[in-house]
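> task: produce atomic coordinates for the following.
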Amino acid sequence: MKHLALASLGLAVCAFAPTTLAEPPAGFTNLFNEKNLDGWHGHNPHDTVGKVKPDQLQGKIDGFQEAFNKHWSVENGEMVNDGHGPYATTNKSYGDVEFHVDYKTVAQADSGVYMRGTPQVQIWDTTEAGGKWHIQADLGSSGLWNNSPGAPGKNPLVHADKPFGEWNKLCVVQLGARTTIHFNDKLTVDNAIMENYYNRKAPLAAKGPIHLQTHGGEIRWKNIHIREIPAEEANKRLRGNDSVQGFTSIFNGKNLDGWQGAIDNYQVKDGAIVCKEGHGGNLFTKEEYGDFVVRVEFKLPPGGNNGLAIRYPGKGNPAFDGMTELQVLDDTADKYKDLDLRQYHGSVYGQVPVHRGYLRPVGQWNYQEVTVIGSTIKVELNGSVILNADINKVTEFMDGGEEKFPGRKLKKGYFGFAGHNDPVMFRNIAIKRLN
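Here you go, the predicted structure:
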């Protein structure tokens, strides 16, 4: 599904950094004090990610510090690297952020910014003399160069590099795995998924440090500022404008008009559909859907359990008699620690496991987008794709065989919620038919 530019949807994207340390944009924190390297350490993730056991990581990082102090310095209020040594790495890890940095580099240099410890927002010599036009350096810096060939964001939308000797300005908005970049005031990456270079089968990590890469030529950095984006803002920016993108609201925020099923077991509270505590049952739309995309925001109480009914036939259990129930679950609750992997949040219940660790803390609103096309289901949670599967290819099922899931091949049905006695809240529910 095409995501429209955040700027075109009327959402502010980047509040660009000023030229002095004393005046960062409102709400931002300085990551560089222009005097020393406090708050930073040396690290080369290529030497550690997937290669070092967790209890050995700190020892490995300690081994980078002598080279870090040798090759990185501060001059005239600028962080300087001579083209060698480990990467400058923030001591703190970050999730959803707006990150600003200015840089100036030299001919034939090659560098980048790693978000959440993962490569990368590309920086390089984009001239023919730089010798890398064969790998598309001529298209410019600021693309997500480590994305797969042809993937959105791999190449920048425009060439915006300034000549050598001039400062370039990067603004990166990272929401889940979705990345939007303005480079020298031009939109160069528009809400693209940054792939996990170290594990292509998994989403970008939920949190990680920022690395300033060193790679073969001097590079100078300044005006390094960051703002952590709160959940409400992140959800709004991830969602964009429903009506512009062809979505229709299926909940008016006031009552359960347009819904059927266990009406008495649900209520509308503070603009959200809430399953009454101690009650359950299936609440579902009066209209049926075949292929569709649905957007929903949800908030879990501690230990909360509910589910999204997909192509539900109107009777029976959505997890078995419908195409599926996509779990809505507080994965952090101790009582769920020993579940089957096909029972955690976002999973195709009993059929397909999910990538975990992408829920917001209990009590915060999450944003989820589910795409159902034929036998395929994709779940994007808070900007990260945590499941993308063709259930027709499933050959192993939880607690039995395929016969336990008679509805899994339904081609249409109702959308709804499968309550399990907990006051899970749902709001801003919108759907778009794809057929």
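> what ranges does the chain have for its helices?
If DSSP state H is used as the criterion, the helices of the chain fall at 54-62, 65-71, 231-239, 318-321.
> burial check on D338, number of neighbours?
Residues lying near D338 (other CB atoms under 10 Å) number 7. Placement of C-beta: from N, CA and C, glycine included.
> state the distance from it to Y344.
11 Å (CB to CB, to the nearest Å).
> tell me which of the helices of the chain sits most buried.
Compared across those, helix 318-321 shows the largest average neighbour count, a mean of 22 (mean count of other CB atoms under 10 Å).
> where does the stretch 51-200 of the chain dip in pLDDT?
Applying pLDDT under 70 to the stretch 51-200 of the chain flags no residue at all.
> tell me where it has strands.
72-75, 78-81, 87-90, 97-105, 110-115, 118-124, 168-175, 178-183, 186-193 (DSSP state E, counting those that start in this stretch).
> paired strands for the longest one, with orientation please.
Paired strands of strand 97-105, with direction, are strand 168-175 (antiparallel), strand 219-228 (antiparallel) (DSSP bridges).
> next, the buried residues of the shortest one.
It refers to strand 168-175. For strand 168-175, the neighbour count (16 or more other CB atoms under 10 Å) marks N168, K169, L170, C171, V172, V173, Q174, L175 as buried.
> so can I have a markdown table of the residues you listed showing distance to D125?
Shown next, in a markdown table, are these (distance: CB to CB, whole Å):
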| residue | distance to D125 |
| --- | --- |
| N168 | 12 |
| K169 | 18 |
| L170 | 16 |
| C171 | 22 |
| V172 | 21 |
| V173 | 26 |
| Q174 | 25 |
| L175 | 30 |
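> and of the strands paired with strand 97-105, who's closest to D62?
D62 lies closest to strand 219-228 among these, at 23.6 Å (CB to CB).
> CA atoms only for the closest one, dumped as PDB, please.
Coordinates of the C-alpha atoms in strand 219-228 are reproduced here as PDB (Å, rounded to 0.1, in the frame of the first residue of the first chain):
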ATOM      1  CA  ILE A 219      34.200  14.000   8.200                       C
ATOM      2  CA  ARG A 220      33.100  16.700  10.600                       C
ATOM      3  CA  TRP A 221      29.800  16.800  12.500                       C
ATOM      4  CA  LYS A 222      28.000  19.600  14.500                       C
ATOM      5  CA  ASN A 223      24.500  20.600  15.600                       C
ATOM      6  CA  ILE A 224      23.700  17.100  16.800                       C
ATOM      7  CA  HIS A 225      20.200  17.300  18.300                       C
ATOM      8  CA  ILE A 226      17.500  14.700  19.100                       C
ATOM      9  CA  ARG A 227      13.900  14.700  20.200                       C
ATOM     10  CA  GLU A 228      12.200  11.600  21.400                       C
END
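> per-residue confidence averaged over that strand?
The average pLDDT for strand 219-228 rounds to 97.
> so which of the strands paired with strand 97-105 is nearest I273?
With CB to CB as the criterion, I273 lies closest to strand 168-175 of the strands paired with strand 97-105, at 25.0 Å.
> just give me how far the closest one sits from the chain centre.
15 Å (CA atoms, centre = their mean, to the nearest Å).
> in the sheet, which residues pair with T285? Tell me.
With DSSP bridges applied, T285 shows beta-bridge pairing to W259.
> for the one residue sitting closest to the centre of the chain, which residues are in contact?
In the chain, the centroid-proximal residue (CA atoms, centre = their mean) is G176; its distance is 1.7 Å. Counting by CB atoms under 8 Å, 6 or more residues apart in numbering, G176 touches D96, P203, L204, A234, L238, Y358, E380, L381, N382, G383, S384.
> and it, what are its phi and psi?
With angles defined as degrees, to the nearest 10, G176 sits at phi 60, psi -130.
> quickly check the buried residues of strand 168-175 for the two that are furthest apart.
For the buried residues of strand 168-175, the farthest-apart pair by CB to CB is N168 and L175; their separation is 22.8 Å.
> how about low-confidence regions in the stretch 301-435 of the chain?
Of all residues in the stretch 301-435 of the chain, none has pLDDT under 70.
> do a quick rundown of the strands in it.
Per DSSP E, counting those that start in this stretch, the stretch 301-435 of the chain carries strands over the ranges 305-312, 324-329, 365-373, 376-381, 384-390, 413-420, 425-433.
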